[in-house]
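Trainee: This is a predicted model, with the sequence first.
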Amino acid sequence: MKRLLPILACALMPACASAEQAVRLPAPTYDVIDTEKSRVAVFAGGCFWGMEGVFEAVKGVKSVTSGYAGGSAQTANYTDVSSERTRHAEAVRIVYDPRIISYGTLLQIYFGAAHDPTQLNRQGPDSGTSYRSAIFPQSPAQRQIAAAYIAQLGKAKAFPAPIVTKLESGPFFPAEDYHQDFMRRNPNHGYIVRWDKPKLASFRATYPALAR
């Protein structure tokens, strides 16, 4: 696993001094009312273990699948993606009930708690293009909402550095079975304890009305 070595070296890296802390962000000013029972969102933002763990704790989310987005089916596997020679990003596919939580609110959590959108091609101890910050809109409406929210946060200077998140396209491919529900099944794993448990706790503390 390519994540094990960075944990050992993390103390030597200033960027790894602390786990990500959630930021309280304003809700999107542009969103849509959706009466469908189920919709899909795909987000990339660093290690999919932590992204999955955060969104599984969100009210209105039905399921979260870890996987790869942006590349081809032939390279949609952990070994190839770890080489950083594919176009894939580690990503999560979120099935949600838009009558309970909107796409805009999912974006609020994505930017405010699930990852740091100002880090270019890295998150915490993980570096490479597979850890980039990217949104894969599943419809024109999602693309409009995401673009408007990025502009809103940029205008408000919600972060001390520019947002580097890109809107991309491409299919999503589920990751290997051992990556699914990784945080829940491996609560004492070193990476989970160091990075993802604090991230989840920070989400719950910062957005208590959205957590279950």
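Mentor: Received the coordinates, thanks.

Trainee: Give the burial count for residue 126, as a bare number.
Mentor: For residue 126, the count of nearby residues is 20 (other C-beta atoms under 10 Å). Just so you know, the C-beta spots here come from the backbone N, C-alpha and C atoms, and that holds for glycine as well.

Trainee: make that residue 129, sorry
Mentor: There are 17 residues near residue 129, going by other C-beta under 10 Å.

Trainee: average pLDDT across stretch 199-212?
Mentor: Confidence for stretch 199-212, expressed as mean pLDDT, is 98.

Trainee: could you dump stretch 70-88 to CSV, C-alpha only?
Mentor: Only the C-alpha atoms of stretch 70-88 are listed here, as CSV (Å, rounded to 0.1, in the frame of the first residue of the first chain):
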residue,chain,number,x,y,z
GLY,A,70,-11.2,10.2,-15.1
GLY,A,71,-9.4,7.4,-16.8
SER,A,72,-10.1,4.2,-18.7
ALA,A,73,-11.5,0.9,-17.7
GLN,A,74,-8.3,-0.8,-18.4
THR,A,75,-6.4,1.1,-15.7
ALA,A,76,-9.2,1.3,-13.1
ASN,A,77,-7.3,-0.7,-10.5
TYR,A,78,-5.2,0.3,-7.5
THR,A,79,-1.9,-0.9,-8.9
ASP,A,80,-2.2,1.2,-12.0
VAL,A,81,-3.7,4.2,-10.4
SER,A,82,-0.9,4.1,-7.8
SER,A,83,1.7,4.5,-10.6
GLU,A,84,0.3,8.1,-11.2
ARG,A,85,0.5,7.4,-14.9
THR,A,86,-3.3,7.1,-15.4
ARG,A,87,-5.8,9.9,-15.6
HIS,A,88,-7.7,8.5,-12.7
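
Trainee: Check the offset of it from the chain's centre.
Mentor: Centroid separation for stretch 70-88 versus its chain: 18 Å, with C-alpha atoms, centre = their mean, to the nearest Å.

Trainee: Give the buried residues for it.
Mentor: By neighbour count on 16 or more other C-beta atoms under 10 Å, the buried set for stretch 70-88 is 70-71, 75-76, 78, 80-82, 86, 88.

Trainee: just stretch 136-147 next, same as before
Mentor: 136-138, 142, 145-146.

Trainee: following the least confident helix or strand in the chain by mean pLDDT, which helix or strand shows up next?
Mentor: Here the helix or strand of the chain ranked lowest by mean pLDDT, DSSP states H and E is helix 4-9, holding a mean of 36. Remark: after helix 4-9, the chain's next helix or strand is strand 39-45, criterion DSSP states H and E.
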